[in-house]
Every structure is written in C-alpha cells, then in structure tokens.
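[1] what follows is a predicted protein model with its sequence.
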Amino acid sequence: MEITREKAFDLLKQYVNSKSLIKHCLAVEASMRGYAKKFGQDVETWGACGLLHDIDFEKYPEQHPLKGIEILKENGYPEDFIMAVKGHADKTNTPRETNMAKTLYAVDELSSFVIACVLVRPNKFEGLKVKSVKKKLKDKAFAKAVDREQIKQSAQELGVDLTEHIQTVIDSLVQREEELQKEGLSLIE
Ligand SMILES: [Fe+2]
Ligand SMILES: [Fe+2]
C-alpha cells in the first residue's frame, strides 16, 4: 500500500482525541520529515511513522505500543515501519536496527521538549537557538517529565552530535509550522 500523510492522519484521528497527544504526534512527524530529508529517505513514510507512533496511547496506554503495532499491521504498514514504532518504547526491548527506528527514538522526547521551549517564548519559533534549548535541558524544573538522559543517549545511538541534533529538530519544527499554518493547523496552538 502507498503510505500517505492523509491516510496516516485519518487513522490517527480514529484513535486519538486528545489535542495534546495529536500535537505531540504532529511534532514528532515534523522532526521525522526533517530527518528524512536530511538522510535522503522517503519523507511521507518517515513522517507517517512519527505521526502514528503513539496511536494507541490514549485508548490503550497499558498496551502501548503493542496495540498500536496491531493497528498498523491491520492497516498495511510495512515491517520496518512497525519495528521502528515498536522500538521507540524501551519496555519492548526491541533493537533499533534501522535509521528510521533510531531517528524516531531520538526525536520523540526532544520534539516535545523543543515545543515546550517555544511555548514559553514571547516570539515563539522566531529566533530560537540551540543554546537556549540546551539551557532549558539543564534546568531540571522545566518540563520535568522529559527524560534528559534519553535525549542524550538516543542522539548518540543515532550517531549525531547533540548540538546538530537539536538544530535539526528546531529547523524541522520551524519549517513544518509554516506548512501546517497553511492548512489551518499549528504545532503550538
Ligand atoms: Fe510512545
Ligand atoms: Fe511519543
């Protein structure tokens, strides 16, 4: 089957109502699209993987991501896609063997963290620098739920320098926000 953004988004909306979870999925999608471009991979496939990685989280939190994998299989998503989704959750103990899997793992927490940084800035995305994201990473009281160790370790696993990684995620989110606004969507509203 052909993977398209439209089909992926329709599927997501069948299972997720929470606005904040949809926004998390959109942010991870944005970063996956950015990395797909950077690595010369298929933007639609990588984007859909980001968009759908938490599809079961609202309805089946206990079974996450295994229920999601079932849903994705039923809908014809390919094996490497499914293995990437499986691998983003440490509890499945799944080795992340592809760049898609490693990238999903590396952008999951960080995408939400960067959005959290954007939300507290008066100018939002405008002029956001890696330096200020790093400063917030050191501030333990800020976005407490985000696992800083996971961010560092997953970047290492992907083989990217943390500064470059944060820059790629910022650039991906900024570009995607512009595109989404044309569709009446936003990563931050
Ligand atoms: Fe997840
Ligand atoms: Fe996630």
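    Perfect, thanks for sending it. Ligands and ions are numbered 1, 2, ... in the order given.

[2] so Phe57 touches Leu21, yeah?
    Yes. In this structure, Phe57 is within contact of Leu21 by Cβ atoms under 8 Å, at 6.2 Å. C-beta: built from backbone N, CA, C; applies to glycine.

[3] more neighbours: these two, which one.
    Between Phe57 and Leu21, counting by other Cβ atoms under 10 Å, Phe57 is the more crowded of the two (20 against 16).

[4] spatially central residue in the chain, please.
    Val28 (1.8 Å; Cα atoms, centre = their mean).

[5] helices of the chain, start to end?
    Ranges of helices in the chain, per DSSP state H, are 5-15, 19-39, 43-52, 66-74, 79-87, 99-119, 130-138, 148-158, 162-182.

[6] quick one: the first one near ligand 2?
    Same thing as helix 5-15. No. Using Cβ under 5 Å from the ion, helix 5-15 stays clear of ligand 2, with a minimum separation of 12.1 Å.

[7] list the buried residues in that helix.
    7-9, 11-12, 15 (16 or more other Cβ atoms under 10 Å).

[8] and it, average pLDDT?
    Mean pLDDT, helix 5-15: 98.

[9] what's the answer for the fourth one, then?
    Mean pLDDT, computed over helix 66-74, is 98.

[10] quick one: is it near ligand 2?
    No. Helix 66-74 stays out of contact with ligand 2 when judged by Cβ under 5 Å from the ion, the minimum separation being 10.5 Å.
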